[in-house]
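*Asks:* show me how the following folds:
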Amino acid sequence: MPEDLTPTPDAAALDSPPFLPFALPDIGDEEIAAVVDCLRSGWVTTGPRTRQFEHAFAAYLGGNVDAISVNSATAGLHLALEALGIGPGDEVIVPTLTFTATAEVVRYLGAHPILVDADPDTLNLSLTAIEAAIGPRTRAIIPVHYAGLACDMDGILALAAAYGLNVVEDAAHAFPTLYKGQLVGTLASDATVFSFYANKTMTTGEGGMVVTRDASVARRVRLMRIHGISQDAFERYTSRTPAWFYDVVAAGYKYNLTDLASAMGIEQLRKIDRFLVRREQLAQAYNSGLRGLPLRLPPAPEPGSSHAWHLYVVRLQAGARLGRDELIARLSERGIGTSVHFIPLHRHPFWRDYYRLSPEQFPVAEASFACMLSLPLYTRMSDADQQRIIDNLRELLT
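*Replies:* Predicted coordinates for the structure are as follows:
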C-alpha cells in the first residue's frame, strides 16, 4: 500500500479553539433552496423575485414608502443624490467617521463632501458640527446611523428645513432600527438607503435598497438604475406581445439587483425579527460581561428607540493595560477576529490631500479612532463563543 502522506497536525493545533471571525452571514436551507429554485426558473437577472423583494421590504417598513432595489448601498446613495439634483459645485455634509462610499458618491456627481466630526457619545454626526459646516453651496446632509443607532434625526431634519437642504440617510447599519417609535426608512428625509452586504444585519451577498415617499425620486431612481431606459426590462422580456422597442431618455447606470440576490433577500427578510432578537441578546451579554473593564461600551438607545446592533464598538479608556493595536493583535493570536469602524475619512490619502484636511479639525473622531475596536457580533455566534471573547478580554485587560 502507498504511504499515507496526509500531514499530521501537531498537538498545539489540535488543542487550538476554532477561529471566531469578526462577522459571518446567517444563511440557511431556505435561502439555498430559494436561489436554486431561481436558477431552475431561468430568470436570474432583475425580474419577478426582485419585484417581490421590493414589495416585501416596503411592506415591512410601512409608512407608504416605495422601495427600489439596487446592487449596492453605494449605488443607492449615488442614485438618491442624482435624483435630488445634486451636481457640480454643490456641497454635501458627510461624517468623517464612515466608510468611504458615503463620501465618494458625492464626488461621482462633481459635488464636494464636507466632512464633519462626530458626537462624542453616539459617534453619529454632531449637530453642532453640521450647522457650522453649512454654507452657501450646501445642498444636502447624509447622516450615517453609526453601528445601528439612529442619529438625532429630529435635530438634523430641523436644520435641513431651516436651511432648505435635502437629507439622504445612509442606513447601511440600521435595519431594522427604531427612532422614537418609527422605523428608520419611514422618517421625513428625502430618501433612505439600506445595505445588504455580506456582514450586514441581513444579506443578499451584495445589494441595497433605496426607500422614499417622494414619487419623483422613486421614478428617477428606477429609470437611472437600468441605463436610463424608459421601459422596465422585466416588462419587455415577459411580455407576450412584441415589446422590443425602448427609449434611452437619460445617461443611466447599471445598478439593478438580480433575482438570485432577491430570492435570498426574501428569505432573509422573513428572518429579520429573529435576527434582531439574537443581536440584542448578544449586545446585552457583552454589556454584562464587559462591565468593569477599562472599556467605554456602546450607548443604549433612548426610550422608544432601538439599536440594530450591526456593530458592537468599544473604546479603550485611559490607563488600559494594552493599546488598541496590541489588543487586536493579542486577540487575533487567540483566534478572535476584530475590526475597526472606521479609519476616519480625513486620514485617507485621497480625502486628506484633495481637501487639505488635518486631524485637528476632527478631535472627536481622532480620539475615538485611536482607541476603538469592533467585537464579533453575528447571529450564528453561540453563547459559548461569545463567552470565550469576554473571558479573553477580561484576561487581557485586568
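*Asks:* report how many residues lie close to residue 287.
*Replies:* Residues lying near residue 287 (other Cβ atoms under 10 Å) number 13. Every residue, glycine included, has its C-beta placed from N, CA and C.
*Asks:* just say helix, strand or coil for it.
*Replies:* helix (DSSP: H, G, I helix; E, B strand; the rest coil).
*Asks:* just residue 87 next, same as before
*Replies:* When classified by three-state DSSP, residue 87 comes out as coil.
*Asks:* what separates it from residue 111, distance-wise?
*Replies:* As defined by Cβ to Cβ, to the nearest Å, residue 87 lies at a distance of 6 Å from residue 111.
*Asks:* now residue 26
*Replies:* From residue 26 to residue 111 the distance is 37 Å (Cβ to Cβ).
*Asks:* equivalent analysis for residue 146, please.
*Replies:* Residue 146 is 23 Å from residue 111, by Cβ to Cβ.
*Asks:* the two: which has the busier surroundings?
*Replies:* Comparing residue 146 with residue 111 by other Cβ under 10 Å, the one with more neighbours is residue 146, at 27 against 20.
*Asks:* phi, psi of the residue nearest to residue 20 when sequence neighbours are not counted?
*Replies:* Among residues not flanking residue 20 along the chain, residue 336 sits closest, at 5.1 Å (Cβ to Cβ, 6 or more residues apart in numbering). Per-residue torsions, residue 336: phi -120, psi 120 (degrees, to the nearest 10).
*Asks:* how many residues are close by residue 336?
*Replies:* That count, for residue 336 with other Cβ under 10 Å as the rule, works out to 21.
*Asks:* quick one: residues contacting it.
*Replies:* 19-20, 376, 388-389, 392 (Cβ atoms under 8 Å, 6 or more residues apart in numbering).
*Asks:* now, among these, which is nearest to residue 83?
*Replies:* residue 376 (37.0 Å; Cβ to Cβ).
*Asks:* if I look at the closest one, how far off is residue 393?
*Replies:* Applying Cβ to Cβ to residue 376 and residue 393 gives a distance of 11 Å.
*Asks:* one more: residue 41?
*Replies:* 48 Å.
*Asks:* the two: which is more packed in?
*Replies:* residue 393 (21 against 13).
*Asks:* elements contacting the helix or strand that one falls within?
*Replies:* Residue 393 is part of helix 383-397, with elements assigned from DSSP states H and E. Contact partners of helix 383-397 among helices and strands, from 3 or more Cβ pairs under 8 Å, 6 or more residues apart in numbering; DSSP states H and E: helix 259-289, helix 324-333.
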